[in-house]
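Novice: output the structure for:
(one chain, ligands or ions: 3)
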Amino acid sequence: MKKLRQITTVKRHVLIVDDEVVNREILGNILSVNYEVEYADNAKEALAALSRQDKRFSLILLDLLMPVMDGFEFLKKRETTETLKRIPVIVMTSEKESEVRSLKLGAADFIAKPFDMPEVVLARCERIIELFEDQDIIRQTERDHVSGLYTKDYFFEYIRQIELWSRDIPRDAIVFDIEQFHLVNEFCGRDFGDRLLAEIGSALKNELAPMNAIACRADADTFYIFATHQESYDNIRNIVQGILTEFFEVNHIRVRFGLWENVDRNVEIEAWFDRAKAACDKNRGDLTQAFTRYNNEMHSRYMFEETLIRDLQSAIDNKNLIVYYQPKYNIEGDTPRLTSAEALIRWIHPTLGFISPGDFIPLFEGNGLIQKVDNFVWNEVAKQIRKWKDEFGVTVPVSVNVSRIDIMDPELETKLMRLLEENGLSPEEYMLEVTESAYCENMERLIEVIENLRKKGFRIEMDDFGSGYSSLNMITTLPIDILKIDMSFVRNMEKDERNLKLVELVAGIAKFLKIPAVAEGVETQSQLDTLKGMGCQIIQGYFFSKPVPPKDFVPFIENELERRRGA
Ligand code: C2E
Ligand code: CA
Ligand code: CA
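Specialist: Residues are numbered from 1 along each chain as shown. Ligands and ions are numbered 1, 2, ... in the order given. Alright, predicted model coming up:
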């Protein structure tokens, strides 16, 4: 910090407020050695000078007895004005009583009149300026500018301090989250969103102070509170919800709370809030529940997830992650033809056994680790296509799943191209499945990425189509090569007329776009017949095969080659 100050060449501004010309001159002479000095005749003039936006003062030297507005009045006014409070005041006085009174009113120091040796005056001014600037820097790192609450780092540091002397007092970790906050920014603008967060921040501060609790904004719309154990936090919830309701008379935006009561001191502080957050997330979308407490069931889930996160790298290193392949058949002719396969990941854990992708994919999508999984899968798939090509002289195109985080990765195209190059493959042999909901999220960026990939020659399948919210209008402008009907429609189409109609609709859309429709989750002959009748060309599902490891996929290739020889 010292260094930074020394290299600052611009002189700081100091304001001398005194009605006596002689005093002003003496002091001005002393200070102008180090500072740009300005003068005011009385406190009223000083306020005018300070309200100008073009200059930032680092120090005010204040006389107490002045006409029009005196120094005491100035100090009182300063106490209630945030911007003025940031500028330190040194009072100039000859009376002991006034010294005490002005210090009580917030003055940082005093200089006795008549003035001391110039070096002493200068040194005092310098010291006070440094002190305030240091405080300002600390304030900036401890406070979140938007909400006025602590920053997450400072919050944890603060708790660590509190815990040093009161580890036996029961405490609670509370996390709350504003649902759909991104919509607030999107529809009402960032400024509006910031104002809302500021309002919540200041209300929290008021409410928490008497409870001996502290809070921070941990993430865009997520807040953490650390409090001495209480039976209920309804008051806080009501206040936050009240602010939200006030801001959105029409759109009801909801806050949801997660709570870990009586935190376990054997667990790290950060994890207290991870658990409260797990409880909070559990509550997502459930309108009946305002508060969710961290419980045993969540605890097991949490520990399970922690294990998965911890073991991911070793699973990759030790080949506990295995890529399975599920064949896709073209059913247009009399006999189905093998057209391609989908790569689906499997995890055989050394102690937990088989883990379903449904258990770890959403988890890793949430924390970003999915990229690690996907990169691994893509790599394995490229090698596998190469291997079969060498063994059988044909390409079995394989589609891989691409998560939304992958799409945002600026390296995506480079990564894929490098893989193909390393294995001597071309993009036509490699297909990418992107789920429909990813299309809805950040459409412009996604379209740009997909368009570039298509230009390179990759074929793009829109996965889970029908489960998201794309409009007809949107779908016609999107760059896609294949539509994949969401499995849930296929599963239920024989039970439920509505699903049947939806499948028909999707097949119609594909026809309109002149691209093939894939149906997945096809398990029976009758489902296959129905789909064929609707013009659906490609079928994937247990009817043909479950996803299988590479060695079990070989017979499908051999049969296909056999079929081609016979045709
Ligand atoms: P998805 O991409 O929609 O994959 C289709 C899922 O349907 C697979 O589940 C597949 O095994 C299952 N399935 C296929 N045919 C049938 C059938 O006839 N009946 C039934 N009941 N199920 C069928 P799986 O392998 O459990 O994967 C679940 C999801 O996990 C996938 O859904 C995909 O979103 C994700 N996933 C799997 N592997 C990867 C991967 O390597 N990367 C990424 N990002 N996601 C993956
Ligand atoms: Ca898929
Ligand atoms: Ca799917």
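
Novice: this structure against ligand 3: which residues are in contact?
Specialist: With CB under 5 Å from the ion as the criterion, the chain meets ligand 3 at residues 463, 464. For every residue, glycine as well, the C-beta is placed using N, CA and C.

Novice: which residues of the stretch 101-250 of the chain fall in strands?
Specialist: With DSSP state E, counting those that start in this stretch as the criterion, the stretch 101-250 of the chain has strands at 109-112, 171-178, 214-219, 222-228.

Novice: got the residue ranges for the helices in the stretch 451-567 of the chain?
Specialist: Using DSSP state H, counting those that start in this stretch, the helices of the stretch 451-567 of the chain run over 472-477, 487-492, 497-513, 525-533, 550-566.

Novice: which of those sits most buried?
Specialist: Of all these, helix 487-492 carries the top mean neighbour count, a mean of 20, counting by mean count of other CB atoms under 10 Å.

Novice: list the contacts for the residue lying closest to residue 202 once chain neighbours are set aside?
Specialist: Excluding the flanking residues, the one nearest residue 202 by CB to CB, 6 or more residues apart in numbering is residue 148, at 5.9 Å. Neighbouring residues of residue 148 by CB atoms under 8 Å, 6 or more residues apart in numbering: 198, 201, 202, 205.

Novice: can you tell me the element the spatially closest residue to residue 110 that is not a sequence neighbour falls in?
Specialist: Spatial nearest neighbour of residue 110, excluding adjacent residues (CB to CB, 6+ apart): residue 91 at 4.5 Å. Assigned by DSSP states H and E, residue 91 belongs to strand 89-93.

Novice: I'd like the average pLDDT over that strand.
Specialist: The pLDDT scores in strand 89-93 average 91.

Novice: mind listing the helices for the stretch 1-150 of the chain?
Specialist: Counting by DSSP H, counting those that start in this stretch, the stretch 1-150 of the chain has helices at residues 2-7, 21-31, 43-51, 71-79, 82-85, 96-104, 118-142.

Novice: what would the ones you listed look like in CSV with mean neighbour count?
Specialist: Shown next, in CSV, are the helices of the stretch 1-150 of the chain (neighbours: other CB atoms under 10 Å):
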stretch, mean neighbour count
helix 2-7, 8
helix 21-31, 16
helix 43-51, 18
helix 71-79, 19
helix 82-85, 12
helix 96-104, 14
helix 118-142, 14
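
Novice: give me the distance between the residue nearest to residue 110 and residue 29.
Specialist: 20 Å (CB to CB, to the nearest Å).

Novice: one more: residue 217?
Specialist: 48 Å.

Novice: any stretches of this structure with poor pLDDT?
Specialist: 1-9, 249-252, 441, 469, 471-473 (pLDDT under 70).

Novice: near ligand 1, which residues of it are found?
Specialist: Neighbours of ligand 1 within the chain, by CB under 6 Å from any ligand atom: 326, 344-345, 356-358, 361, 370, 373-374, 377, 401, 403, 463-464, 487, 520-523, 540-542, 547.

Novice: next step: the residues you listed restricted to strands.
Specialist: Members of these lying in strands (criterion: DSSP state E): 326, 344, 345, 401, 463, 464, 520, 540.

Novice: what residues sit buried inside stretch 233-251?
Specialist: Within stretch 233-251, the residues scored as buried using 16 or more other CB atoms under 10 Å are 233, 236, 237, 239, 240, 241, 243, 244, 247, 248.

Novice: right, I'll leave it there.
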